[in-house]
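*Asks:* I would like to see how this sequence folds:
(chains A and B)
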Amino acid sequence: MAVKKFMYVNRKAPYGTIYALESLEVVLIGAAFDQDVSLAFIGDGVYELTKGQKTEAIGQKNFSPTYSALGDYDVNKIYVEKESLEERGLTLDDLQHLVWEDEDEDWAEKDSIRLVSRSELADVMAEQDICLSF
Amino acid sequence: MTLLHTVNKSPFESMSFDTCLGYAKDGSTVLLIEDGVYAATTGNSAADKIKNASGVTFAVLGPDLQARGLENKLADGIKVVDYEGFVNLVAEHDSVQSWL
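*Replies:* Next up is the predicted model:
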């Protein structure tokens, strides 16, 4: 089976709607098919990656720790749009530190998050075979 | 008549927050819940609008803020309430307008 480039585009905040969790579930299922996977977080989607989420009091499952497992599934191209962070008063420091281990470099730990501008992300998006939007 | 306004949508996704501010008169309270809590955080356009809306009291539902990991980004002058505080606000006002 030929490898295709998949991009999952995340544009919704977590918990208020089911989109963020559904996207994560689809990404994890898709990861089993050895495709070239990228994740993009734009608009309110950047809120999915904030650190320190504590959901006990709202009675919903805190699925944010799952993002840190993506590296183990070879999902290590996580694009975060710079403009979306800035519009919301956020910086990379407000987000989880996501890493993956590079098998080709003696399992060196590398950052998964790539901070990109809107126009850079548009270029990456244009290179994809398939974009799935959440 | 005092009104309690609730907003449950992100200010970046919907016009609910802006529309609510247009209708929030002096003496009324705006309670931010669910994805509405993003308007209660610092460093964005919603924070400036809250600062400029003098005469209106702003509150945010703490559990929704905690769930989203944004307790340390709360803007000044916004009261944090729990579910009991939500009930008290409803009881203290004459009626509730939910901006969905």
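*Asks:* go through the longest helix along chain B and flag the buried ones.
*Replies:* Determined from DSSP state H, the single longest helix within chain B is helix B:83-92. Burial within helix B:83-92, assessed by neighbour count using 16 or more other C-beta atoms under 10 Å in any protein chain shown, is assigned to B:Phe86, B:Leu89. C-beta coordinates here come from the backbone N, C-alpha and C atoms, glycine included.
*Asks:* name the next helix or strand downstream of that helix, please.
*Replies:* strand B:95-99 (DSSP states H and E).
*Asks:* give me the buried stretch members for that following strand, please.
*Replies:* Buried-residue list, strand B:95-99, by 16+ other C-beta under 10 Å: B:Trp99.
*Asks:* what's the mean pLDDT across that strand?
*Replies:* The pLDDT scores in strand B:95-99 average 97.
*Asks:* does it reach chain A?
*Replies:* No: Strand B:95-99 stays clear of chain A (C-beta under 8 Å from any C-beta of the partner chain), getting no nearer than 13.9 Å.
*Asks:* who in chain B is up against chain A?
*Replies:* Looking at chain A, the residues of chain B close enough under C-beta under 8 Å from any C-beta are B:8-10, B:12-13, B:34-35, B:38, B:41-45, B:47, B:62-64, B:66-73, B:82.
*Asks:* just the buried ones from those residues, in ChimeraX syntax?
*Replies:* Of those, the buried ones can be selected in ChimeraX as follows, counting by 16+ other C-beta under 10 Å:
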select /B:8,9,10,12,13,34,35,38,41,43,44,47,62,63,64,66,67,68,69,70,73
